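J.: 3D model of this:
(2 chains)
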Amino acid sequence: MSTTELFESAEVPTIDTSGTLGRSPWQLAWARLRRDRVALVCGAFIVLLGLVAAFAGPLSKLIGWSPTQQDRINGLTPDGLPAPPSVHHLLGTDNLGRDVLVRVIYGTRVSLAVGVAAAVAAVLIGVIVGLIAGYFGPAVDAIVSRLMDVVLSFPFLLFAIALVSVVGPSELVEIGVIAFFSWAAVGRIVRGQTLSIREKEYIEAARSLGASDRRIMFVDVLPNLVAPVLVYTTLLIPVSIVFEATLSYLGVGIIPPTPSWGNMISDAQDVYQQAWWFLLFPGIALIATTLAFNLLGDSVRDALDPRTERLFAK
Amino acid sequence: MIEDTPQPPAGTRPADDDLVRATGVVKYFPIRRGIIFKHEIGQVRAVDGVDLTVRRGETLGLVGETGCGKSTLARCLTRLYPLTAGQVVFDGTDISTLNRGQLRPFRRDVQMIFQDPYGSLNPRRRVGSIIGDPFAIHGVADGAERKRKVQELMELVGLNPEHYNRFPADFSGGQRQRIGVARALALRPKLIVCDEPVSALDVSIQAQIINLLESLQDDFGLTYVFIAHDLSVVEHVSDRVGVMYLGRLVELAEVDELYRHPHHPYTVALLSAAGTPDPNKARKRERILLTGDVPSPIDPPSGCRFHPRCPKARDRCSVDDPVLMPGTDRRPGAEPTGDGHVTACHYPVLPGEVLAGRT
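T.: Sure thing, here's the model as predicted:
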């Protein structure tokens, strides 16, 4: 067999790329995410939480109690302790005879609203500051990076308690406090990524075309940051929810009688030996929500960057 | 501004013929140490005093070893870097001290094609958007008109216009380089600086890209500065070729003249090291092995920078820094040759001369 024949007979391996051609990295990531069962379950749970939070009012009407309404008949045991789960109150009552189920539902609203808003605010600040630090060279970087170091080295709980006791607690202050202590971590990640992206040849190409700094930052650098930022956001939301619960638990977050998981747990700790349901259900809500966001965050990371090794193979 | 630039000697081409005139271009990169308080501990002399003109419509090749300053010089000519010293005049305008805003109109006339077809295209953006970048940045065309223009460009460089919405990852290396060419061509520039445009490609693809560049040059009257370390590629595309060594231009001549009668010992060595497709010729050819490595551009040798490795070096070479001079006759009062072949060497290689150190 001559060489030419060999070449002619050799089969050319064809790779079927029709499934991926022209699809954006986002579309591919979305396709991978949809195949991930853990992500689907967690995503469904989070959507459910969102619906519960959005329809907290109608839900409480359906159950028959408002979050601050005290049941004067079945709300407390004759000893004055919270009533256990019963037909009147599916998840029992709290120390003031209020329905735990309705309060957990309203707590979802606070947790999601504060957690998501704080995380989004922190990411916005972090991305902008990180982009500036990474893009504009060593002098700006030195100043901004030191600023981030200062923020990260704050004793945040102490500072949060002090701040709230000065300006007074409110949801907005709580969001501000959580965002203030979270943006620097995002800023660092974005700065690091920007530093490596800005040395890429396509940035030089944009510069040689006469693109402005703003255009390069938002058109060329930012799309390459979306993946890590998206992952970090999904992981920052549960952190913010726990942060919110912590502040409320300490009495510097959501002010009673508005229910939040944190202040419910705080109220429950005096009577948990007699009324386990009062501590258990807000606790489960907090843990399940945090877990769902964390697992979803991991799945999002896997979907966006299939090359990274999974810690536990599925 | 034009008055400041040295005029070419009387009796040569009119000054108008020069698209780019670079005089004494110097680019040093500082080396800094320290964490918070940085201090300069030295400089990399990437380009150290280069005079160069690029004529309208020609292809000027630049060759030299890795690290000789070719790419830095290219980025100085396109003002992607600020100059440490020297002057660059483009199309009659001194651009050496313009700031970024002032450079914007100039950016339309000068484009670059980069070496790495993988690195020079943003992986997160669609090809149509990448090729449309020049239109967007300079506010030339919007919406449907931009799309039409981009698809015209894609067709022009041999890409399927229907692939407008694909991502760089969907294309092969050669196709990506075509995308880079389309982007460079978008605003119909006067000058395209090609920084090793084919070095990263398969040999079979190299020819396609080079042929594309040549046909575009004919169609649009482009001027190229073509950087490569592959001597045969440069020989094929260039009208004139400049040889660089350690931040200096050491020889410049018409392409045939340079390849047939190299004057600088470094050029002779470089040409002798180039591959030949004919094995019979390859066996017969004399290779000159240079001893030692390229010296550090942080602390370049005194006098002629090539003298520590030069087989012809004499005492004078380590003291006296040679400048570019025409011909090979270095005696005072020698007749200047008119062919534009200049060499920075005290003892140029004469025709038929055999350099020591061959194998």
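
J.: mind listing what's buried along stretch B:342-353?
T.: The neighbour-count check on stretch B:342-353 (16 or more other C-beta atoms under 10 Å in any protein chain shown) flags B:342-349 as buried. C-beta coordinates here come from the backbone N, C-alpha and C atoms, glycine included.

J.: tell me the residues of the stretch 51-200 of chain A that contact chain B?
T.: Along the stretch 51-200 of chain A, the residues adjacent to chain B under the rule C-beta under 8 Å from any C-beta of the partner chain are A:138, A:142, A:200.

J.: now, those residues that are in helices?
T.: Residues of those located in helices (DSSP state H): A:138, A:142.

J.: which of the residues of the stretch 51-200 of chain A next to chain B are buried?
T.: Among these, those buried by neighbour count (16+ other C-beta under 10 Å) are residue A:200.

J.: longest helix anywhere in the chain?
T.: With no chain named, the answer covers chain A. Longest among the helix segments of chain A by residue count, using DSSP H, is helix A:100-135.

J.: chain B is the one I meant
T.: Counting residues, the longest helix in chain B under DSSP H turns out to be helix B:203-220.

J.: for the helix or strand that that helix is followed by, C-alpha coordinates in CSV please.
T.: Downstream of helix B:203-220, the next assigned helix or strand under DSSP states H and E is strand B:223-227. Once non-C-alpha atoms are left out, strand B:223-227 reads as follows in CSV (Å, rounded to 0.1, in the frame of the first residue of the first chain):
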residue,chain,number,x,y,z
THR,B,223,1.1,49.5,3.9
TYR,B,224,2.4,46.7,6.1
VAL,B,225,5.0,46.5,8.8
PHE,B,226,5.5,42.8,8.9
ILE,B,227,7.3,41.3,11.9
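
J.: what's the helix or strand that comes right after strand B:223-227 packed up against?
T.: Later in the chain than strand B:223-227, the nearest helix or strand by DSSP H and E is helix B:231-237. Counting contacts by 3 or more C-beta pairs under 8 Å, 6 or more residues apart in numbering or on different chains; DSSP states H and E, helix B:231-237 packs against strand B:59-63, helix B:203-220, strand B:223-227, helix B:255-260.

J.: okay, now the unreliable bits of the chain?
T.: Just so you know, I chose chain A. For chain A, the stretches flagged by pLDDT under 70 are A:1-22, A:306-314.

J.: oops, wrong one, chain B.
T.: B:1-16, B:35-37, B:275-279, B:281-287, B:333, B:335-336, B:356-359.

J.: quick check: the residue of it nearest chain A.
T.: Nearest residue of chain B to chain A: residue B:107, at 3.2 Å (C-beta to the nearest C-beta).

J.: the residue nearest to residue A:286 when sequence neighbours are not counted - how many residues pack around it?
T.: Nearest residue to residue A:286, sequence neighbours excluded (C-beta to C-beta, 6 or more residues apart in numbering or on different chains): residue A:261, at 4.8 Å. For residue A:261, the neighbour count with other C-beta atoms under 10 Å in any protein chain shown is 29.

J.: wait, residue A:261 touches residue A:248, no?
T.: Yes. The pair residue A:261 / residue A:248 is scored as a contact, 7.3 Å apart, by C-beta atoms under 8 Å.

J.: return every residue with contacts to both of the two.
T.: Counting by C-beta atoms under 8 Å, 6 or more residues apart in numbering or on different chains, the common neighbours of residue A:261 and residue A:248 are residue A:110.

J.: now residue 290: closest residue in space that isn't a chain neighbour?
T.: Because you didn't say which chain, this covers chain A. residue A:238 (4.1 Å).

J.: can you look at chain B instead?
T.: Nearest non-adjacent residue to residue B:290, counting by C-beta to C-beta, 6+ apart: residue B:309, 4.8 Å away.

J.: give me the neighbour count for that neighbour.
T.: Residues within reach of residue B:309, counting by other C-beta under 10 Å, total 19.

J.: residues contacting it?
T.: Applying C-beta under 8 Å, 6+ apart to residue B:309 gives the contacts B:266, B:290-292.

J.: of those residues, which is the most crowded?
T.: Result: residue B:266 is most packed of the contacts of residue B:309 (other C-beta under 10 Å), 30 neighbours.

J.: for chain A, which segments are assigned as helices?
T.: A:3-9, A:25-34, A:37-54, A:56-63, A:100-135, A:137-152, A:156-167, A:171-197, A:201-208, A:213-215, A:222-249, A:261-268, A:276-304.

J.: any idea which of the ones you listed gets closest to residue B:25?
T.: Residue B:25 lies closest to helix A:201-208 among the helices of chain A, at 17.4 Å (C-beta to C-beta).

J.: tell me what that closest one is packed against?
T.: Applying 3+ C-beta pairs under 8 Å, 6+ apart, one finds that helix A:201-208 contacts strand B:110-113.

J.: ok, the strand it packs on near chain A or not?
T.: Yes. Judged by C-beta under 8 Å from any C-beta, strand B:110-113 and chain A are in contact via B:110-112.

J.: sheet-wise, list the partners of that strand with their directions.
T.: Note on strand B:110-113: by DSSP bridges, its sheet partners are strand B:191-195 (parallel).

J.: what's the distance between the residue nearest to residue A:295 when sequence neighbours are not counted and residue A:297?
T.: Once flanking residues are discounted, residue A:295 sits nearest to residue A:42: 4.7 Å by C-beta to C-beta, 6+ apart. Computed as C-beta to C-beta, to the nearest Å, the residue A:42 to residue A:297 distance reads 9 Å.

J.: try residue B:45
T.: Separation of residue B:45 from residue A:297 (C-beta to C-beta): 50 Å.
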